[in-house]
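Enquirer: model the structure of this input:
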Amino acid sequence: MTHHILVVDDEPVARQTLTEILKMEGFTVSNFGNGESALEFIRNNSVDLMLLDIKMPGMNGHEVVQVVSQISPDTEIIMLTAFGSMESAVEALRQRVHDYLIKPAPPTQIIESVRKGIARREKRLQELEEEGSPNLFIHLKDGTTIDLSRRKISNQSNTELLTPAEGQLLKVFLENPGKVFSHREIVLLVQGYEVSNKEAQEILRPLVSRLRNKLVEFPNLFERVVSVRGTGYVFEKEN
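Expert: This next block holds a predicted model:
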């Protein structure tokens with residue numbers, strides 16, 4: 001399986017260099033020059049590991065980490081900075097960051113850190129699967145299995161993989177059956193930020209539509225996602 005790496009750095013030369021180094025090692029690589037664009041991408045795509053600059057215009061690296069921890073907690077993060085300090089290093093580690101590298105880091109160090117981060121991610125996911133945590137592995141009465149750690153839904157004849165945003169939305173629904181959520185509440189829980197009610201509806205409409213399209217072959221999930229007119233959505237309790 002090819003692992004997907006995300007490079008986020010506002011310096012074009014550094015961003016391109018990191019991208020080329022990782023592509024030469026066989027990784028699939030996407031890159032962005034700011035945190036906002038990176039977060040938009042990671043909400044809709046599976047990312048195994050992210051190389052993230054700390055000092056950037058707009059959202060800085062620490063702010064990006066806070067959101068990624070909510071919307072894609074299984075993504076490993078390596079933070080990069082040209083201005084190393086003990087305070088930044090401590091903050092990075094406190095935020096569950098895998099590694100902290102000083103720019104310009106040599107290619108061998110970058111590759112070694114990336115491989116260790118991916119290995120750590122795979123080990124953690126394997127441990128969760130073996131533990132069979134009831135919060136991450138859900139078995140429905142009709143035989144449908146939901147693996148929230150890998151964002152995978154399966155039954156005897158079908159398997160669907162969800163994006164981070166779709167997976168987080170389904171997780172919110174599964175953890176709160178029968179609860180009516182406003183559009184704004186769902187956006188805050190799924191995307192990690194507050195918006196107006198009008199903006200929330202515009203964000204949720206395509207997201208819920210994409211999720212329901214993937215749930216068509218799983219009636220025990222598809223039929224329970226219900227729009228509450230003028231309010232938001234409810235995930236009805238299992239019969």
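Enquirer: quick check: residue 212 touching residue 222?
Expert: Yes. In this structure, residue 212 is within contact of residue 222 by C-beta atoms under 8 Å, at 6.2 Å. From N, CA and C alone the C-beta is placed, and that goes for glycine too.
Enquirer: so what touches stretch 200-207?
Expert: Stretch 200-207 is contacted by residues 165-166, 169, 182-184, 186-187, 190-191, 195, 232-233 when judged by C-beta atoms under 8 Å, 6 or more residues apart in numbering.
Enquirer: report the central residue of the protein.
Expert: Note on the chain: the residue nearest the mean C-alpha position is residue 72, at 2.1 Å, using C-alpha atoms, centre = their mean.
Enquirer: residues near the closest residue to that one other than its chain neighbours, how many?
Expert: Nearest non-adjacent residue to residue 72, counting by C-beta to C-beta, 6 or more residues apart in numbering: residue 164, 4.1 Å away. Applying other C-beta atoms under 10 Å, we find 23 other residues in the vicinity of residue 164.
Enquirer: hmm, residue 164 is touching residue 71, no?
Expert: Yes. The criterion here is C-beta under 8 Å, and residue 164 meets it with residue 71 at 5.3 Å.
Enquirer: hey, what's in contact with both of the two?
Expert: 42-43.
Enquirer: ok now the longest helix seen in the chain, how far from the chain's centre?
Expert: Secondary structure of the chain per DSSP state H: the longest helix is helix 107-131. How far helix 107-131 lies from its chain's middle: 16 Å, per C-alpha atoms, centre = their mean, to the nearest Å.
Enquirer: which secondary structure elements does it contact?
Expert: If you count contacts as 3 or more C-beta pairs under 8 Å, 6 or more residues apart in numbering; DSSP states H and E, helix 107-131 packs onto helix 12-24, strand 49-53, strand 76-81, strand 99-102.
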